[in-house]
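K.L.:
sequence first, then the predicted structure:
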Amino acid sequence: MGASESQTMPELPEVETVARGLTPHLKNRRFKQVELRRKDLRTPFPKDFVKRLEGAEILDISRRAKYLLLKLDTAETLVIHLGMSGTLVLRPKGHNALPEKHDHVLFTLDNGMGLVFNDPRRFGLMDLTGDLTTYAPFMHLGPEPLGKLFNSVTLKASLKGRNTPIKTAIMNQEVVVGVGNIYASESLFLAGISPFRPAKSLKDDEYQALVSAIQKTLKAAIKSGGSTLRDFVRSSGDSGYFQHHFKVYGREGKPCLCGAKSYILLITPLIQKKVQQGRATYYCSNCQK
DNA sequence: CCTTGAACCTGCGGGC
DNA sequence: TGCCCGCAGGTTCAAG
């Protein structure tokens, strides 16, 4: 039937879902051919990019922060960031369709399958590195939100003295990785914390509530992505995985789910939207203090 | 060091 | 219908 595809929108759960979805198709395959259809994305492709990839075997597919990592048998790792609008699309063997608009990189695997990187806004990037432990773009990344290094103690410590709004703070990849504009709003709503509070001003139990909320939100989104993946085939026209069950994001003017359950309030609280640091924040002023 | 705002780029939808 | 504006899920850099 249709092409086998990887559809993504790029916060941690989406990148994680892509990594998991690509794994059965890419693991232990080799890049037979790589074609660049332009010389750069957000950054230039590294020197000899094609030459360094062609013939290499993909040993493992993983994720760090919002980056996809393809470990190769050449002692290098292909680093891919999807930016705001990047997608990786798998094409079945024999699928000889002409490249579409914004198809920037065409990979052909040794079994004939294709992998296409499409990115209209070109905020994505691809790079190759031999040593991730000294890879400059990763040196200042904060802890993985689902790892042991992310907890109320470490979060509080990293936000000490910070007056920046807590919503902005948790989107800072040096504080914790993977949380983007959607899940920042969602997590703060779940934690009952106002996005406008200074980052340093939370009480200990609030840092704990926020850590738990971030983890719960991201885990649920990953689970949702995985269940929607359905063997990695996406019907065309589908707008994406997770649009459906956001509690606050994109719901400006709609009734808050918590408030709607209240028998005490005479009016139903509505979700509000405000711009913080140039990004839309959605929240309920009744539920979040 | 901390914080904010702008820049990068294209497409889409709403308002007039 | 067409044009203009604002907005979009990320990251980086400059300036205050």
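P.N.:
Perfect, thanks for sending it.

K.L.:
C-alpha from now on. contacts and neighbour counts both.
P.N.:
Will do.

K.L.:
do a quick rundown of the strands in chain A.
P.N.:
Counting by DSSP state E, the segments of chain A that form strands are A:31-36, A:58-64, A:67-72, A:77-81, A:87-91, A:103-109, A:114-118, A:125-129, A:272-276, A:279-283.

K.L.:
which strands and helices sit next to the fifth one?
P.N.:
Same thing as strand A:87-91. Using 3 or more C-alpha pairs under 8 Å, 6 or more residues apart in numbering; DSSP states H and E, the elements in contact with strand A:87-91 are strand A:114-118.

K.L.:
what angle separates the strand it packs on from strand A:77-81?
P.N.:
40 degrees (axes from the mean of the first three to the mean of the last three C-alpha atoms, to 10 degrees).

K.L.:
give me the distance between strand A:114-118 and the centre of its chain.
P.N.:
Here strand A:114-118 is found 18 Å from its chain centre; the criterion is C-alpha atoms, centre = their mean, to the nearest Å.

K.L.:
one more: stretch A:148-165?
P.N.:
21 Å.

K.L.:
give the buried residues for that stretch.
P.N.:
A:150-152, A:154-156, A:158-159, A:165 (16 or more other C-alpha atoms under 10 Å).

K.L.:
show me which of those residues is closest to DNA strand B.
P.N.:
Minimum distance to DNA strand B across those is 6.4 Å, recorded for A:Pro165 (C-alpha to the nearest atom of the strand).

K.L.:
hang on, the closest one packs against A:Ile193?
P.N.:
No: with contact defined as C-alpha atoms under 8 Å, A:Pro165 does not reach A:Ile193; the gap is 11.1 Å.

K.L.:
near DNA strand B, which residues of chain A?
P.N.:
A:101, A:120-123, A:161-165, A:276-278 (C-alpha under 7 Å from any atom of the strand).

K.L.:
ok, now with 10 Å
P.N.:
For chain A, the residues in contact with DNA strand B (C-alpha under 10 Å from any atom of the strand) are A:40-43, A:83-85, A:101-102, A:119-124, A:158-169, A:172, A:174, A:196, A:198-200, A:275-279.

K.L.:
quick one: which of these sit in helices?
P.N.:
Here DSSP state H is the test, and the residues of chain A next to DNA strand B give A:158, A:166-169 as lying in helices.

K.L.:
got a winner among these for most neighbours?
P.N.:
Of all those, the highest neighbour tally under other C-alpha atoms under 10 Å goes to A:Lys167, namely 26 neighbours.

K.L.:
identify the residues contacting the residue of chain A found nearest DNA strand C.
P.N.:
In chain A, no residue comes nearer to DNA strand C than A:Gly180, which is 3.1 Å away by C-alpha to the nearest atom of the strand. By C-alpha atoms under 8 Å, 6 or more residues apart in numbering, the contact list for A:Gly180 reads A:11-12, A:171.

K.L.:
nearest to A:Thr77 among those?
P.N.:
Relative to A:Thr77, the closest of the contacts of A:Gly180 is A:Leu12; by C-alpha to C-alpha it sits at 19.2 Å.

K.L.:
pull the number of nearby residues for the closest residue to that closest one other than its chain neighbours.
P.N.:
Distances taken as C-alpha to C-alpha, 6 or more residues apart in numbering place A:Gly178 nearest to A:Leu12, at 4.4 Å, with adjacent residues excluded. The number of residues packed near A:Gly178 is 30, by other C-alpha under 10 Å.

K.L.:
touching, A:Gly178 and A:Glu11? I think so.
P.N.:
Yes: under the criterion of C-alpha under 8 Å, A:Gly178 makes contact with A:Glu11 at 5.7 Å.

K.L.:
any stretches of the stretch 51-200 of chain A with poor pLDDT?
P.N.:
Nowhere does the stretch 51-200 of chain A drop to pLDDT under 70.

K.L.:
which residues of it lie near DNA strand C?
P.N.:
Residues of the stretch 51-200 of chain A lying near DNA strand C (C-alpha under 10 Å from any atom of the strand): A:64-67, A:81-86, A:120-125, A:136-138, A:140-141, A:168, A:171-174, A:177-185.

K.L.:
what is the end-to-end distance of stretch A:76-91?
P.N.:
Between the opening and closing residues of stretch A:76-91 lies a distance of 25 Å (C-alpha to C-alpha, to the nearest Å).

K.L.:
hmm, back to that, quick one, phi psi at the residue of chain A closest to DNA strand C?
P.N.:
phi -110, psi -160 (degrees, to the nearest 10).
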